[in-house]
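**Q** The following comprises the amino acid sequence and a computationally predicted model.
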Amino acid sequence: MSTLTPHPATAAAPPLHTSHLLRRCTFNRAFAIIYASAIVALLYYHLLTLRHSTTFISSATAATFLVADLVLAFMWITTTSFRLFPTGRKVFPENLVKVLDKKDFPALDIFICTADPYKEPPMNVVNTALSLMAYDYPPEKISVYVSDDGGSELTLFAFFEAAKFAKIWLPFCRDNDIIDRCPEAFFRSNGIAFPDRTKIKAMYEKMKIKVESVVDRGNINSEYITNEDEQKAFNKWNKGFTRHQHPAVIQVLLESKQDNDIQGHPMPNLIYVSREKNKASPHNFKAGALNTLLRVSAVLTNAPIVLTQDCDMYSNDPKTPQQMLCFYVDQSIRHNLGYIQFPQRFQGINKADIYGSEYKRLYVINPGGMDGLKGPCYVGSGCFFVRRVFFGGPSLPELPKLHELRPDYIVKKPIKSQEVFDLAHEVAGSNYESNSTWGSKMGFRYGSLSEDFFTGLHQHCRGWKSLFFHPKRPAFLGDLPISLYDALNQNRRWCIGLLEVVFSKYNPLTFGSRFMGPLMGLAYAHNAFWPIWSIPIYIYSFLPQLALINRVPVFPKVTDYWFLLYVFLFFGAYIQDCLDFMLAQGTFQQWWNDQRMFLIRGLSSYIFGFIEFSIKHLGIASKGFHVTSKVVDNDQSKRYDNGVFEFGVPSPMFVPLATVAIVNLVAFVIGILQTLMGGNVNGLLGQMFLSCFGLVNSWPIYEAMVWRTDKGKMPRVINVTSTSLGLILCMLAMLVPNA
Ligand SMILES: O=c1ccn([C@@H]2O[C@H](COP(=O)(O)OP(=O)(O)O[C@H]3O[C@H](CO)[C@@H](O)[C@H](O)[C@H]3O)[C@@H](O)[C@H]2O)c(=O)[nH]1
Ligand SMILES: [Mn+2]
């Protein structure tokens, strides 16, 4: 491990970072006490109602609402764990040079994962890599490792090209002090004219066309292969080579000690790694890929800091590593600091963020809340790890047998030497991990499709802390799903992964609270228990509405004091949520769409995730890690930019959404008719409000079901199925005796 040698005068050194509790903290705490009392009152009210229920149906209804509200109360408690110590941080990277010489900056191993050249276009991966290679950091200290789980020569080809272009791109960024160091993003924002911009743009475009044509054709023109090295590398893709069955391919594309840019400055290392795949041995998806990179990088460079990046998350700020260093070099927090997480932010979101893709709570608000405790969860990308965190607790190391893999091993051999080459291939083998503790005690955790969440949880339980830093200028920007189907599928995969954690030994409530303290346990539980939001969401989307159709009141009368309690609980939660959202730079409209997506997820991805989890654990089937597509279809992308919901595919996940839309519509119409006919609706106003709320939220669904004609409208089978289902439910509701 490289030793940090701060200047002698550290004691009087200027601050590198500060942290403070956010001002809303006092309000949050006071409000939590009031809201908690209201919840207790509500539970008391439920017990009273249950006691006074006389028929089976009324008792069943009361019990159902009690269950719904118990789940809501539990989720409220978990949310509160984020609100008691919300923390903000500042860094002063300008002070860094006063504390540490540039030549003593620690080395940085950057991991980029990609898994499929058709869902994750190699040109995008290249852009991500270039933006990271161009960090404003000593280039000889940077090593970029690209893990290709797609085992694709197309991706490797793209990187051969990228390595050549990088020799021009890096000095161009450095000389002009460019901030957008992702070429695609830079050329998109064609504001200021830099010298040579046109020339470099032409080179970039040429590379892009070449790479894209190769990807389109699916193979590499022989005239594109310019030297023996390349030919030798591509020869590995022989007949027997498939993405599921192939030997390890490790290719050093740039070697810092050998390769210079066009101005003679050293280049960063750039290494392509496609681990060995074998149908007989489990590969553990992204966690497996990352563990392979941990080992391969240990053999080649073994930097003390590791940054993990998804292939679509490019760097948006060249100073990010220096911001990170502000924490890393601080000796007072160093001993148990495991990782520094930057938020995942996204590019290309439409103005209203119709699918709530920003996940503001998950990526920005909640991590800030956990930062005041023991630190945020790991979210898979944009996270700087201290390498040592993968090898046991801060005071209880768990070291690999091979000393070359240990976090304190110092690499002396050149990365292209035969010895290093052989060892790197060995540790990238598909059987290397069998009978070892990789994935259980060392490295990234296996056993959950949400490997990020599981890994962070495990590290916190072992006594590591983490840090959240949210700079004004986003450190990284990623792609997001632009169809509802993709968005829900992604969420469904997360839910399966989260349930895998809930049902493991590492349940955040039991195991987690014991090792991290109750608030951290609750904070982790908040995510882990996401899928149970389905319970109250289903109940409140159907039951009050069906009862309204049947003219049975289920909430207190408007004139009753208990009604106020309901009003307070509903609006209290909603308004606080909206405030949190807007304080995190959200607009009201984005918040509104975000809450709609929360309901939509509750009705679809959460419950479908739960079902798939159950099926998987009965051993019936499993889809594994379904990579989110980052390719955009033009029409679809136009609709997305206009804020139009994209249904299009006949997914069963849409059935509950459309059914709820129908039931709420019918209930609302019946409620209005009753009012117009002079019926006594005093006891039904709460239900009318809820069905109206359902109706407003369902607006895009009615549009997609009834009057849209484009490809993204609701498919016919879903229309027919859910309308029938909805109407049957309404009819059944009318048949239930309501006396
Ligand atoms: O077998 C696999 C599957 C995926 N990946 C990579 O994992 C990353 C994330 O995959 P993606 O399909 O983009 O999933 P998202 O749901 O968008 O990703 C979020 O959720 C994942 C956990 O489910 C985390 O790993 C990610 O960091 C987080 O951004 C991508 O770079 C993939 O190339 C692999 O390397 N190997
Ligand atoms: Mn992604």
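**A** Great, that's in hand. Small disclaimer: the values here were computed from a predicted structure and weren't measured. Numbers count the residues shown, from 1 in each chain. Ligands and ions are numbered 1, 2, ... in the order given.
**Q** For the stretch 551-700 of the chain, what lies in contact range of ligand 2?
**A** T628 (Cβ under 5 Å from the ion). From N, CA and C alone the C-beta is placed, and that goes for glycine too.
**Q** most centrally placed residue in this protein?
**A** V379 (5.4 Å; Cα atoms, centre = their mean).
**Q** pretty sure it is touching D452, no?
**A** Yes. Between V379 and D452 there is a contact under Cβ atoms under 8 Å: 5.6 Å.
**Q** what's the pLDDT at the residue nearest to the centre of the chain?
**A** Note on V379: pLDDT of 98.
**Q** Assign it to helix, strand or coil.
**A** Counting by DSSP: H, G, I helix; E, B strand; the rest coil, the backbone at V379 sits in coil.
**Q** contacting residues for it?
**A** Taking Cβ atoms under 8 Å, 6 or more residues apart in numbering, we find V379 in contact with Q341, P343, Q344, L362, Y363, P367, D452, F453, G456.
**Q** Can stretch 366-373 be said to contact ligand 1?
**A** No. Interface with ligand 1: stretch 366-373 contributes nothing (Cβ under 6 Å from any ligand atom), its closest point being 13.6 Å away.
**Q** Excluding chain neighbours, what is closest to whichever residue of the chain sits closest to ligand 1?
**A** Of all residues in the chain, G380 sits closest to ligand 1, at 1.9 Å by Cβ to the nearest ligand atom. Nearest residue to G380 in three dimensions, chain neighbours excluded: D452, at 3.6 Å (Cβ to Cβ, 6 or more residues apart in numbering).
**Q** Helix or strand: which one has the one you found?
**A** Secondary structure assignment for D452, by DSSP states H and E: helix 451-461.
**Q** Given the helix or strand following that helix, what are its sheet partners and their directions?
**A** Sequence-wise, the next helix or strand downstream of helix 451-461 (DSSP H and E) is strand 465-468. Paired with strand 465-468 in the same sheet, following DSSP bridges, are strand 337-341 (parallel).
**Q** What mean pLDDT does the partner strand get?
**A** Mean predicted confidence for strand 337-341 is 98.
**Q** So which residues make contact with it?
**A** Residues outside strand 337-341 that contact it (Cβ under 8 Å, 6+ apart): 324, 327-328, 367, 375-379, 382-386, 389, 394, 456, 459-460, 464-469.
**Q** do stretch 256-265 as well
**A** Against stretch 256-265 from outside (Cβ under 8 Å, 6+ apart): 139-140, 142-143, 166-168, 170-171, 174, 266-269, 414-416.
**Q** Distance from stretch 104-114 to the middle of the chain?
**A** Chain-centre distance of stretch 104-114: 20 Å, with Cα atoms, centre = their mean, to the nearest Å.
**Q** can that stretch be found next to ligand 2?
**A** No. On the criterion Cβ under 5 Å from the ion, stretch 104-114 is out of touch with ligand 2, staying 9.8 Å away.
**Q** buried residues in that stretch?
**A** D104, F105, P106, A107, L108, D109, I110, F111, I112, C113, T114 (16 or more other Cβ atoms under 10 Å).
**Q** just stretch 219-227 next, same as before
**A** Quick answer for stretch 219-227 (16+ other Cβ under 10 Å): I220, I225.
**Q** Now do that stretch, average pLDDT.
**A** Regarding stretch 219-227, the rounded mean pLDDT is 89.
**Q** thinking again about what came up before, the residue of the chain closest to ligand 1 against D312, yeah?
**A** No. With contact defined as Cβ under 8 Å, G380 and D312 do not form a contacting pair (11.5 Å).
**Q** In the stretch 551-700 of the chain, where is pLDDT below threshold?
**A** 622 (pLDDT under 70).
**Q** Which of the buried residues of stretch 104-114 fall within strands?
**A** L108, D109, I110, F111, I112, C113, T114 (DSSP state E).
**Q** nearest to K232, of those?
**A** T114 (22.3 Å; Cβ to Cβ).
**Q** Show me the beta-bridge partners of that closest one.
**A** D148.
**Q** List the residues that contact it.
**A** For T114, the contact set (Cβ under 8 Å, 6+ apart) comprises E120, P122, V125, V146, S147, D148, D149, G150, T155, C311.
**Q** Buried subset of those as a PyMOL selection?
**A** Burial among the contacts of T114 is assessed by 16+ other Cβ under 10 Å; the matching PyMOL selection reads:
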select buried, resi 120+122+125+146+147+148+149+150+155+311
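**Q** Show me the contacts of T114 that map onto strands.
**A** Going by DSSP E, the strands hold V146, S147, D148 from the contacts of T114.
**Q** Report the entries of those residues that also contact ligand 2.
**A** Contacts with ligand 2 are made by none of the ones in strands among the contacts of T114, judged by Cβ under 5 Å from the ion.
**Q** Just give me the closest of these to A193.
**A** V146 (32.3 Å).
**Q** For this protein, list the residues in contact with ligand 1, please.
**A** Residues of the chain lying near ligand 1 by Cβ under 6 Å from any ligand atom: 113-115, 120, 147, 149, 285-286, 289, 310-311, 344, 380-381, 449-452, 490, 493-494, 497, 625, 627-628.
**Q** Tell me the buried residues within those residues.
**A** With neighbours counted by 16+ other Cβ under 10 Å, the residues of the chain next to ligand 1 contain buried members at 113-115, 120, 147, 149, 285-286, 289, 310-311, 344, 380-381, 449-452, 490, 493-494, 497, 625, 627-628.
**Q** Buried by neighbour count, from the contacts of stretch 256-265: which ones?
**A** Members of these classed as buried by 16+ other Cβ under 10 Å are 139, 142-143, 166-168, 170-171, 174, 266-269, 415.
**Q** State the helix or strand in which whichever residue of the stretch 501-650 of the chain sits closest to ligand 2 lies.
**A** Closest contact between the stretch 501-650 of the chain and ligand 2, by Cβ to the ion, is at T628 (4.9 Å). Assigned by DSSP H and E, T628 belongs to no helix or strand.
**Q** Does F568 touch A38 like I think?
**A** Yes. Judged on Cβ under 8 Å, F568 makes contact with A38 at a distance of 5.7 Å.
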